[in-house]
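1. Need coordinates for the below:
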Amino acid sequence: MMPFKKLGFLGRFFAVTLGVILCWTTIVTAPALAARSITEVKVSLGNSAGELKFFPSDLKFMAGQKYKLVLDNPSPTKHYFTAKDFADASWTQKVEAGKVEIKGAIHELELKPGAEAEWVLVPEKPGTYKLYCSIPGHAEAGMTGTIAIANNQ
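-> Residues are numbered from 1 along each chain as shown. Purely as a prediction, here's the structure:
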């Protein structure tokens, strides 16, 4: 490979310009690509008839993929989305509820009747994790589920 000094003025100009273009392209397109690659998953905690179930109750994620978990509670009672081991096996970017954005470790979300929350996360550790509502009697009545994280290979 020819040393940079031997390229001449036009060669050096072209090399520097190409480098700037490549760096700029990476800086500008990386966030846009990340924003486009998010997968939305909707989960209802109960329903308007008051059933004690998650809809759906079995969730599947791919390790390394970014997700927006949209949780809503259409039921007349409050419910918890409790999945501590899943949360520990994932990187949380944020949780949004109303005009509040929460960052940091998340282990459980309480949704009051009519509430909605968005949890943006990246599952990292493959495995199968328990999901349940931790309100006494709700899990025993069937408000349970599983969350599976598969290897992204």
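2. Neighbours of the residue nearest to Ser48 when sequence neighbours are not counted, how many?
-> Excluding its sequence neighbours, the residue lying closest to Ser48 (C-beta to C-beta, 6 or more residues apart in numbering) is Pro74, at 5.0 Å. (Glycine included, C-beta is placed from N, CA and C.) Burial of Pro74, expressed as a neighbour count using other C-beta atoms under 10 Å, amounts to 17.
3. how close does Pro74 get to Ala89?
-> Pro74 is 28 Å from Ala89, where distance means C-beta to C-beta, to the nearest Å.
4. Neighbours of the residue lying closest to Tyr67 once chain neighbours are set aside, how many?
-> Once flanking residues are discounted, Tyr67 sits nearest to Thr39: 5.1 Å by C-beta to C-beta, 6+ apart. Residues within reach of Thr39, counting by other C-beta under 10 Å, total 11.
5. Quick check, Thr39 in contact with Gly64.
-> No: because the distance of 11.6 Å does not satisfy C-beta atoms under 8 Å, Thr39 is recorded as not touching Gly64.
6. which stretch of helix or strand covers the spatially most central residue of the chain?
-> Here the mean C-alpha position of the chain is nearest to the C-alpha of Leu121 (C-alpha atoms, centre = their mean), at a distance of 2.4 Å. With elements delineated by DSSP states H and E, Leu121 resides in strand 116-123, which encompasses its position.
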